[in-house]
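*Asks:* give me a model of this one.
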Amino acid sequence: MAENQSELGAVQNPAEVVEPSAEPWGPYLVTLVQLALAGVAIFLLELEQRAGLPQLIPVVVVAFAIHARAPMRYRPALFVLASIAGLFAVMKEDAVWVLGAGTVLFGLCSLPVKVWARAVLVVGAAAALSLYRIDGTFGWTAAALPVLGGMFMYRGIVFLFDENASGRQSTLAQRFGYFFMLPAVCFPLFPVVDYRLWRTQYFRGEVAELYQKGIGWIIRGLMQMVLYRVIYHFLVLPEWEIVDSTSALRAMATVYPTYLRISGQFHVIVGVLLLFGYNLPETNRRYFFATSFLDLWRRANIYWKDFMQKVVFFPFFLRLRRMGAPKPMILAIALTFIATWFLHSYQWFWLRGDFPLTIQDAVFWTVIGTFVAIDSVRETKRPRRRGAAASGFVVSEAAIHVMKVVWMFTAMCALWSFWTAPSLEIWGELVSLLGQDFEWVFWYLGAVALALAVGIPGLYFSTRGPKGWDGLFPPVTVRTSAPVLAGLLALGLLPRAGLVEGDRAEVLAALTTQKLNQQDALTQVRGYYENLLVRNGMMSELAMADVGRPEVWSTLSNPEHTRKTNDLRGSELMPNVTAVHRGETFSTNQWGMRDKEYTKKKPAGTFRIALLGSSYAMGVGVKDKHVFENLVEDWLNDRYAGGKYERYEILNFAKEGYLLISTVGQCMEMVPSFEPDLVILIDHAMQPKRLAKRMSRSDDQVKFYPKPWLNEWLERNGVTAGTNDREDREQMWVSSAELPGNFLRDAVELCTRDGAKAAWMWLPVNKPSHPEYAEVRTSQKAVAESLDMVTLTLDGAYGDHTVDELSIASWDEHPNPLGHRLLADAMMRQLEQNSEALGLGLRK
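*Replies:* Numbers count the residues shown, from 1 in each chain. I've put the predicted structure just below:
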C-alpha cells in the first residue's frame, strides 16, 4: 500500500497553456456537438432527474461554449460564474442559502490566519449547521444542507491539509471554484477531488485530448446509469419473489452491481470538470475485475482511496514506522478503515440527517480492512506481477486470474447484500434459503464456467498487444464515444416515436424514466405498521431519492397524532389535531377525519359521500384545502347544489397506512353512523402484497376478524406456523391476489346494509409503470363489477406531467397540489359520467 505514495506525493509544474486563438476550432466544435447531444440524451432518458441534471446540463453546454474560447486568464472566473448559474438553475431560491452559507464557510477556510485556527472556526460553523440538520424544521435546510455538505465536508479537510503542507499557491477564483464545482449542485455524493491536483493539473496536456476525454467519460457515465436501471428494474428482485435458493442467489448477486449508479455519476462529474480544464484522473477503474480486496481498494472510488492515504494512512504510517514492519502498515490500514467507517456515517448525516453506526457497517468495513491489510502484507513480502502480459500467456495462470476475479465478485456480492440488508434477521433468512436446496450451486457453477470461457480468451488477446490487459479497452475517442451516444439517443427517442407497444413499451418506460421499482415503491408508501427501518444502501434509488429529506418528515405515528384501536382499523387519527406531516400542515375534525367539520346526522336535503382510502386520499404533503376530495366537494356544490340536492358532502375517512382490512374496520365501526348515501372505496396497486405482508405477521388486527375465508387463507399459507418455509412463502405471495377481493366484498356488504350505494375507484399512484399495476387494476375492477359496484377509474389523470412535477418532494412521490388538482378533475369527470348509477342527480 505504501507504494502508492508517489500517486499524490509528487507535485508537477503546470504545463504551458495555449491561448484560445491558437487552439483549433475543429476539436472544440466536435466536443460542443457531442456535449449538446449528451444533454439531449439526459433529457430524453430523464437521467438523474430528481438531482436536477436535466436543469444543469444546459448551463454546462453554454458555459463550455464560452469558457473554451475565452482568454486563459478569465477562465477560472468564468468557471465560478458557471457554477453559481448552475446553483440557481437547479435550486432556484434555495441557491441563495447555499451561496450565502457556502461563502461564509469558504471565507473561514481562507482567512489569513494559522491553518489550525481556520480549522477550529470551520468545525464550529459545521457544528452550528449540524443543529439545523438535526432539527429539520427550517424549510431551506432540507435542500441546502446536503449540497453544502457535499461541497465542504471532505473538500474542507483536503483544502486545509494542503494549505498547511504547501501554503497558498492559488488564486481566489481557483479556491472558490474548488468548493463550488459546477456539478456539485446535482451530486452531494461527490468524489473527493484532491486540491493539489486541482491546482497543478489545470489545462495540463493537449487540449483536444482533454476535451474528448471529458466528453467520453460523460458518455460512459450515462451508459452506466442506464445499465444501473436495467439491473434495478429487471434483475433486482422484490422481496415477495425471493422464495428459494436460486432467487436468493440472484438477490445477492444483483445488489453489488447497483454501484454502477455511483460510478456513472462520478464519471459524469469528472467528465464535466475535464471540459473546464481540470485534467483529473479516473474515479473508478474496472472494479468488477478486481482480483483481491487490495486490488478493489485501488480500483473502486480511487479518489476516496487517495483521500484516506493522504490524511490518515501516510501520516500515521510515518509516525509508526519505527515499530518495524509490518506493524506500522497494519495499524495504519486499521485506522484508515475505522476513519472510512466513521466518515461514511458522517457523510450520511449531511445527506440524510441521521448518523448510522451499526453492526452491519462495522462488519462491512472491518472485513474489507482486514483483507486489505492481509493482501498488503503479502504484497510486501512477495511483490505481485502486474498484468497478464508480464510473462506471456499461460492458460493455468489465466484461469487462476479469472477465478480470483470470480472470488472477489462473489465476496463483494455477499458483503454488499449483508451491508444493505434491512436487518441482520432478514439477511439471515436470505442466506438460509441457500441451504434449502442446491439448485443455486448449478447456476453459480454455470456462471463460473461462463467467466472462464470469456475471461481466458480475453486474457490471451490482452497479451497480443503492447498495452497488455488495457489493450482490450480502447482509449476515449470520437469513434468509441459516438456509437454509445447514438445508442443512448435512440433509446430515448424510441418511446416518443410511438413505435413500441405492450410489454416492450413497459421495458422502455423503465429504462427511459427515473422511477422506483416495485420494492422501493412499496417501501415508500408504507404506513403506520410498516414504517420500519429500511437501509437500502447509499446508492439505491430510494436512498438517493431521500437525499435532502428532513430528519422529521413523517410524523403521523406520533401518539399526539394517532392512537391505536382495538379493532380492524388498527389505528385512527386523533380528533382536533393540527400538525405538520410530510412537510405540510394537516388538521382533523372532531371525528378524527382529515376534513372540515360535519355533523354526524346527515342534514336534510344533503347527498353525503363517504370516501375510504389511504395516504393518497388523505392528501399527505398538501394543505387541507388542496386535497382532491375537498376540490371535488367544492365543485359539486358550486355547480350542482340547489338541484336535486341542496348540498353535497364528501367525508374523508382516509388515513395513511390503511389497507382494505382497515377499510372493513371503518365500515364496521364508523362509516354507517354518518348515514352516507354513497361509499367510495379507493383502491391502488399496492394492496395485494401489502395485505399479504400484513397477514404474514399475524398482526393484531387479524384476531378481530375471525372470518372463515381469512382463517382458511392463513392456514393454507402456513402463516399460523410462520412463513420461513420456502413453500409457504412462495404460496403466500402467489395467493396474495385473493385478499383484496375478499376484503372488498366484506366492506361492501357492511357499508351498503343500510341502503347506501357502493363505488370502487381506482386511484393511480404517481406515474405507475410496472406491468403488475395493470394486472391488479383489471383483477380488482372485475371483482368490483361482480359485486354490482359502480367502477370509477382515474387512469390518465396525470397526463404527460413528470414525476417531479407531481411529487411533494424528490424523496416522496405522493401527489402535490398539482397532482391533487389533476385527480380532482378526473374524479369530477367520472362522477358526471356515472351520475345516474351513483344517484348523484347531476343535471347539466
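*Asks:* which residue is the nearest non-sequential neighbour of the residue located most distally from the centre of the chain?
*Replies:* Each residue of the chain has a distance to the centre, and by C-alpha atoms, centre = their mean the biggest one is for Ala604: 51.5 Å. Spatially, and ignoring its direct neighbours in sequence, Ala604 is nearest to Glu646 (7.7 Å; C-beta to C-beta, 6 or more residues apart in numbering). No exception for glycine: its C-beta is placed from N, CA and C like everyone else's.
*Asks:* against Tyr640, how distant is that neighbour?
*Replies:* 10 Å (C-beta to C-beta, to the nearest Å).
*Asks:* between the two, which is the more surrounded one?
*Replies:* Counted by other C-beta atoms under 10 Å, Glu646 and Tyr640 do not tie: Tyr640 has more neighbours, with 21 against 13.
*Asks:* tell me the contacts of the residue lying closest to that one once chain neighbours are set aside?
*Replies:* Nearest residue to Tyr640 in three dimensions, chain neighbours excluded: Leu842, at 5.2 Å (C-beta to C-beta, 6+ apart). When the contact criterion is C-beta atoms under 8 Å, 6 or more residues apart in numbering, the partners of Leu842 are 636, 640, 643, 831-832, 835.
*Asks:* before we move on, what about Val270?
*Replies:* When contacts are counted by C-beta under 8 Å, 6+ apart, Val270 touches 191, 214, 217, 280, 282-283.
*Asks:* circling back: tell me which element the residue farthest from the centre of the chain falls in.
*Replies:* Counting by DSSP states H and E, no helix or strand carries Ala604.
*Asks:* and for the one 4 residues further on?
*Replies:* Secondary structure assigned from DSSP H and E places Arg608 in strand 606-612.
*Asks:* check which element follows that strand along the chain.
*Replies:* Remark: after strand 606-612, the chain's next helix or strand is helix 615-618, criterion DSSP H and E.
*Asks:* who are the packing partners of the helix or strand following that following helix?
*Replies:* Later in the chain than helix 615-618, the nearest helix or strand by DSSP H and E is helix 628-640. Identification of packing neighbours for helix 628-640 by 3 or more C-beta pairs under 8 Å, 6 or more residues apart in numbering; DSSP states H and E yields strand 647-652, helix 817-833.
*Asks:* that older thread, three-state assignment of the residue nearest to Tyr640?
*Replies:* Recorded secondary structure, Leu842: coil (DSSP: H, G, I helix; E, B strand; the rest coil).
*Asks:* quickly note the distance from it to Leu430.
*Replies:* When Leu842 is compared with Leu430 (using C-beta to C-beta), they lie 54 Å apart.
*Asks:* follow-up on the earlier one: most tightly surrounded among the helices and strands packed on helix 628-640?
*Replies:* Mean neighbour count (mean count of other C-beta atoms under 10 Å) peaks for strand 647-652 among the helices and strands packed on helix 628-640, with a mean of 24.
*Asks:* now the following helix or strand past that strand: buried residues?
*Replies:* Downstream of strand 647-652, the next assigned helix or strand under DSSP H and E is helix 660-669. Applying a neighbour-count criterion of 16 or more other C-beta atoms under 10 Å, one finds 660-668 buried in helix 660-669.
*Asks:* follow-up on the earlier one: need the pLDDT of the residue nearest to Ala604.
*Replies:* Model confidence at Glu646, given as pLDDT, is 93.
*Asks:* how much space is there between it and Leu636?
*Replies:* In this structure, Glu646 lies at 12 Å from Leu636, with C-beta to C-beta as the measure.
*Asks:* sorry, back to before: closest to Phe276 out of the helices and strands packed on helix 628-640?
*Replies:* If you check each of these against Phe276 by C-beta to C-beta, helix 817-833 wins as the nearest, at 36.3 Å.
*Asks:* that closest one packs against which elements?
*Replies:* helix 628-640, strand 790-793, helix 803-806.
*Asks:* how about it as CSV, C-alpha atoms only?
*Replies:* What follows is the C-alpha trace of helix 817-833 in CSV, where atoms were taken according to Å, rounded to 0.1, in the frame of the first residue of the first chain:
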residue,chain,number,x,y,z
PRO,A,817,-51.3,20.3,-5.2
LEU,A,818,-50.9,20.0,-9.0
GLY,A,819,-51.4,16.2,-8.7
HIS,A,820,-54.4,16.6,-6.5
ARG,A,821,-55.9,19.2,-8.9
LEU,A,822,-55.5,16.6,-11.8
LEU,A,823,-57.0,13.9,-9.7
ALA,A,824,-59.9,16.1,-8.8
ASP,A,825,-60.5,16.9,-12.5
ALA,A,826,-60.5,13.2,-13.3
MET,A,827,-62.8,12.4,-10.5
MET,A,828,-65.3,15.1,-11.5
ARG,A,829,-65.5,13.7,-15.0
GLN,A,830,-66.1,10.2,-13.6
LEU,A,831,-68.9,11.4,-11.3
GLU,A,832,-70.6,13.3,-14.1
GLN,A,833,-70.4,10.3,-16.4
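*Asks:* got the contact list for Arg75?
*Replies:* If a contact means C-beta under 8 Å, 6+ apart, then Arg75 has 67, 276-277 as its contacts.
*Asks:* can you check Leu331 too?
*Replies:* Listed by C-beta under 8 Å, 6+ apart, the contact partners of Leu331 are 316, 320, 323.
*Asks:* let me know the closest of these to Thr588.
*Replies:* Of all these, Thr588 sits closest to Phe316, with 57.5 Å by C-beta to C-beta.
*Asks:* compute the number of surrounding residues for the closest one.
*Replies:* Applying other C-beta under 10 Å, we find 19 residues neighbouring Phe316.
*Asks:* next: Phe234.
*Replies:* When neighbours are counted by other C-beta under 10 Å, Phe234 registers 13.
*Asks:* what does the one 3 residues further on give?
*Replies:* A count of nearby residues for Leu237, using other C-beta under 10 Å, gives 17.
*Asks:* what about it, distance to Asn711?
*Replies:* 30 Å.
*Asks:* just for the stretch 401-550 of the chain, where's the confidence low?
*Replies:* Low-confidence segments of the stretch 401-550 of the chain (pLDDT under 70): 464-475, 502-503, 517-550.
*Asks:* strands of that one, start to end?
*Replies:* Per DSSP state E, counting those that start in this stretch, the stretch 401-550 of the chain carries no strands over any range.
*Asks:* Ala63 falls within a strand, correct?
*Replies:* No. Under three-state DSSP, Ala63 falls outside any strand and is assigned helix.
*Asks:* which one is it nearest to, not counting chain neighbours?
*Replies:* Taking C-beta to C-beta, 6+ apart as the measure, Ala63 lies nearest to Ala82, with 3.5 Å between them; neighbours along the chain are not counted.
*Asks:* list the contacts of that neighbour.
*Replies:* For Ala82, the contacting residues are 59-60, 63, 67, 182, 276, by C-beta under 8 Å, 6+ apart.
*Asks:* buried residues in stretch 599-618, which are they?
*Replies:* Of the residues in stretch 599-618, those buried by neighbour count under the rule 16+ other C-beta under 10 Å are 602, 606-618.
*Asks:* endpoints of that stretch, how far apart?
*Replies:* Distance between the two ends of stretch 599-618: 20 Å, counting by C-alpha to C-alpha, to the nearest Å.
*Asks:* give me the mean pLDDT for that stretch.
*Replies:* When pLDDT is averaged along stretch 599-618, the result is 93.
*Asks:* how far is that stretch from where the chain is centred?
*Replies:* Chain-centre distance of stretch 599-618: 37 Å, with C-alpha atoms, centre = their mean, to the nearest Å.
*Asks:* how about Arg155: what's its closest non-neighbour residue?
*Replies:* Among residues not flanking Arg155 along the chain, Phe179 sits closest, at 5.8 Å (C-beta to C-beta, 6+ apart).
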